[in-house]
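Chemist: next come a sequence and a model predicted from it.
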Amino acid sequence: MTQVSLSFLYGVLRSTLAVYIALVALHFVLEVFFAHRAYRRSKQGFPDPGALPSVDVVVPCYNEDAEHLTACFDALLDQDYQGELHVLVVDDGSPNREQVRHVYDQYGALDGWHVLLPAANRGKRHAQDAALAHCRSDIVVTIDSDTEIAADGVTQIVRPFVDQRIGAVTGDVAVTNRSANILTRLIGMRYWVAFNQERAAQSYFRSVLCCSGPFSAYRRSDLMAIWPAYISQTFKGTPCTYGDDRHLTNLILAKGSQTLFLPQARARTNAPETIRGYLKQQLRWNKSFYREVLWTLPFLSRLGAYIAFEMSVQVLLPLLLTVLILSSTLVAILLHPAVGLRYVAVTAMMGLLRCSYAIYRTRDPRFVMFLLYGFIHVFLLIPVRIRALLTLTDNRWGTRTAVASSPAHDELADRLADAV
């Protein structure tokens, strides 16, 4: 390679690094500023609604084990909600239905509980659709079958609906199996950042971009208005079988309703305990993100400048990071290995910046371990994002779909898993 080419490559690296650092720093400052204001505002409470709204809790299940089902259902039995509360459980044609039927029989016999057992597996959306046909309450709460919500979870998450502009509220979701291994600890920290920084900052503008599936609540009248579009969503002619939470939130926002994150509404859910399981989950989530970015664009300007900036950053930062990785690797090989060490130092610095607010809020110095997540992001999640962009219309790689993953996908997961 000529000296001119090396100079050009080094210039690209320096320019990209400068833009990346500036963008990360600006985004972090704005995100923390608005997240903390939203947190303080959420502690002020909401007006007294008078009569409490009636609530239907919808729990779609697929191939869940008896232990997780029982924990999920027991948490619902322990709710302190003083209003009318109903639970609708839908087993979406699970292969293990006979092994857990005793659980369904036990809880289905309770007053206010209804267990639906459709014969065929059709996916989470259609399981929710089967339940919604039986819903008659003011508010619909959706949770996953491996999620345990706090005893005051329903009481807390319905509070914002006293404001008629609110169409959806998402709770604060932690990781049940956080102590299983280093991966689940890092995922638990990532969840804290995702909810208490990212969603919290968006919530300040009443425009949370993704109400999380493990624990969210919706105004039923809003759901009924957008439900046909949600059930029938396609992408390039292919029915969508993942990204349910993000698309449902998009439909609520497109309708003109507002969405909030409420940190006082707490829940815990299971995280993948293996690299392979984590990569499968992230591939599905990243496909959903890129697909929904296109869907969000027509009404993005209505959500305000910060939300537009947030969306832009979520798209641009991985691209900048990819350019940094490629250019710094080439410069390190062709010019000087110290360049690679500088990049590692920048990655560590950005990681420290990202975990500083979490340490401040939680008073937990162990959040410094979140530095390691930065390297997972670089070496595992960037390739997953590229894969997601190349396979947006492929529905086969989901964590709980009835369709098995292809050998090519399994091979990719094995290769990535071997890298750590």
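Modeler: Noted; the coordinates are in hand. Because the structure is predicted, anything quoted here is derived from the model rather than measured. Numbers count the residues shown, from 1 in each chain.
Chemist: just list the residues touching Ala348, thanks.
Modeler: For Ala348, the contact set (Cβ atoms under 8 Å, 6 or more residues apart in numbering) comprises 371, 374. Every C-beta, even on glycine, is put in place using the N, C-alpha and C of the backbone.
Chemist: report pLDDT for it.
Modeler: Ala348 is assigned 76 on the pLDDT scale.
Chemist: kindly report the same for Leu320.
Modeler: Residue-level confidence at Leu320 comes out at 87, pLDDT.
Chemist: could you chop this structure up by domain?
Modeler: Described in terms of automatic domain parsing, the domain architecture of the chain consists of the residue ranges 3-35+306-418, 50-272.
Chemist: and the helix or strand hosting Val384, what does it pack onto?
Modeler: Here Val384 is covered by helix 382-390, with elements defined by DSSP states H and E. Where contact means 3 or more Cβ pairs under 8 Å, 6 or more residues apart in numbering; DSSP states H and E, helix 382-390 is packed against helix 275-296, helix 305-334, helix 407-418.
Chemist: just after the longest one, pick out the following helix or strand.
Modeler: Using DSSP H and E, the helix or strand that follows helix 305-334 towards the C-terminus is helix 338-362.
Chemist: check which element follows that following helix along the chain.
Modeler: Going C-terminal from helix 338-362, and assigning secondary structure by DSSP H and E, you next hit helix 371-376.
Chemist: next one: that following helix to chain centre, how far?
Modeler: Helix 371-376 has its average C-alpha position 18 Å from the chain's average C-alpha position, going by Cα atoms, centre = their mean, to the nearest Å.
Chemist: so where's the stretch 301-420 of the chain shaky on pLDDT?
Modeler: 339-340, 395-420 (pLDDT under 70).
Chemist: what angle do the helix holding Val384 and helix 305-334 make?
Modeler: Here the directions of helix 382-390 and helix 305-334 differ by 120 degrees (axes from the mean of the first three to the mean of the last three Cα atoms, to 10 degrees).
Chemist: now do helix 382-390 against helix 275-296, angle only.
Modeler: Angle of helix 382-390 versus helix 275-296, following the same axes, to 10 degrees, is 50 degrees.
Chemist: pull the residues that contact helix 382-390.
Modeler: Surrounding helix 382-390, the residues in contact under the criterion Cβ under 8 Å, 6+ apart are 279, 282-283, 286-287, 289-290, 318, 321-322, 325, 412, 416.
Chemist: redo that, cut-off 6 Å
Modeler: Among residues not part of helix 382-390, those counted as contacts by Cβ atoms under 6 Å, 6 or more residues apart in numbering are 279, 282-283, 286-287, 290, 318, 322.
Chemist: counting by contacts, list what the lengthiest strand in the chain packs against.
Modeler: The residue-count maximum for a strand in the chain (DSSP state E) belongs to strand 258-269. Helices and strands in packing contact with strand 258-269 are listed as strand 147-149, helix 153-157, strand 166-175, helix 200-204; criterion 3 or more Cβ pairs under 6 Å, 6 or more residues apart in numbering; DSSP states H and E.
Chemist: go through the ones you listed and name the closest to Phe299.
Modeler: If you check each of the helices and strands packed on strand 258-269 against Phe299 by Cβ to Cβ, strand 166-175 wins as the nearest, at 13.5 Å.
Chemist: all helices of the stretch 51-200 of the chain, in order?
Modeler: 66-77, 97-108, 124-132, 153-157, 182-193, 200-204 (DSSP state H, counting those that start in this stretch).
Chemist: closest one to Asp144 among those helices?
Modeler: When the helices of the stretch 51-200 of the chain are compared by Cβ to Cβ, helix 66-77 sits nearest Asp144, at 7.9 Å.
Chemist: name the residues that touch the closest one?
Modeler: 87, 100, 103, 107, 145-149.
Chemist: how about 8 Å then?
Modeler: If you take Cβ under 8 Å, 6+ apart as the criterion, helix 66-77 is touched by 57, 59, 61, 64, 87, 89, 99-100, 102-103, 107, 110, 143-151, 153, 270.
Chemist: pull out the buried positions in that helix.
Modeler: When neighbours are counted by 16 or more other Cβ atoms under 10 Å, the buried residues of helix 66-77 are found to be 68-69, 71-73, 75-76.
Chemist: likewise for stretch 145-159?
Modeler: So stretch 145-159, judged by 16+ other Cβ under 10 Å, has buried residues 145-151, 153-159.
Chemist: can I get those in a markdown table including distance to Ala217 and pLDDT?
Modeler: Output for those, formatted as a markdown table (distance: Cβ to Cβ, whole Å; pLDDT from 0 to 100):
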| residue | distance to Ala217 | pLDDT |
| --- | --- | --- |
| Ser145 | 17 | 97 |
| Asp146 | 18 | 96 |
| Thr147 | 13 | 98 |
| Glu148 | 16 | 98 |
| Ile149 | 11 | 98 |
| Ala150 | 14 | 98 |
| Ala151 | 16 | 98 |
| Gly153 | 10 | 98 |
| Val154 | 8 | 98 |
| Thr155 | 11 | 97 |
| Gln156 | 10 | 97 |
| Ile157 | 5 | 98 |
| Val158 | 6 | 97 |
| Arg159 | 10 | 96 |
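Chemist: wait, which of the domains of the chain is closest to Ser42?
Modeler: Nearest to Ser42, of the domains of the chain and by Cβ to Cβ, is domain 50-272 at 5.8 Å.
Chemist: in contact with the nearest residue to Arg159 once chain neighbours are set aside, which residues?
Modeler: Closest residue to Arg159 in three dimensions, ignoring its sequence neighbours and counting by Cβ to Cβ, 6 or more residues apart in numbering: Phe46, at 4.7 Å. By Cβ under 8 Å, 6+ apart, the contact set of Phe46 is 159-160, 162-163.
Chemist: what mean pLDDT does the helix or strand harbouring Ala22 get?
Modeler: Secondary structure assignment for Ala22, by DSSP H and E: helix 3-42. Model confidence over helix 3-42 averages 87 on the pLDDT scale.
Chemist: I'd like to know which elements that helix is packed against.
Modeler: Here helix 3-42 is seen to pack against helix 200-204, strand 258-269, helix 305-334, helix 338-362 when contacts are counted using 3+ Cβ pairs under 8 Å, 6+ apart.
Chemist: got the angle for the second one vs helix 66-77?
Modeler: Between the axes of strand 258-269 and helix 66-77, defined by the same axes, to 10 degrees, the angle is 130 degrees.
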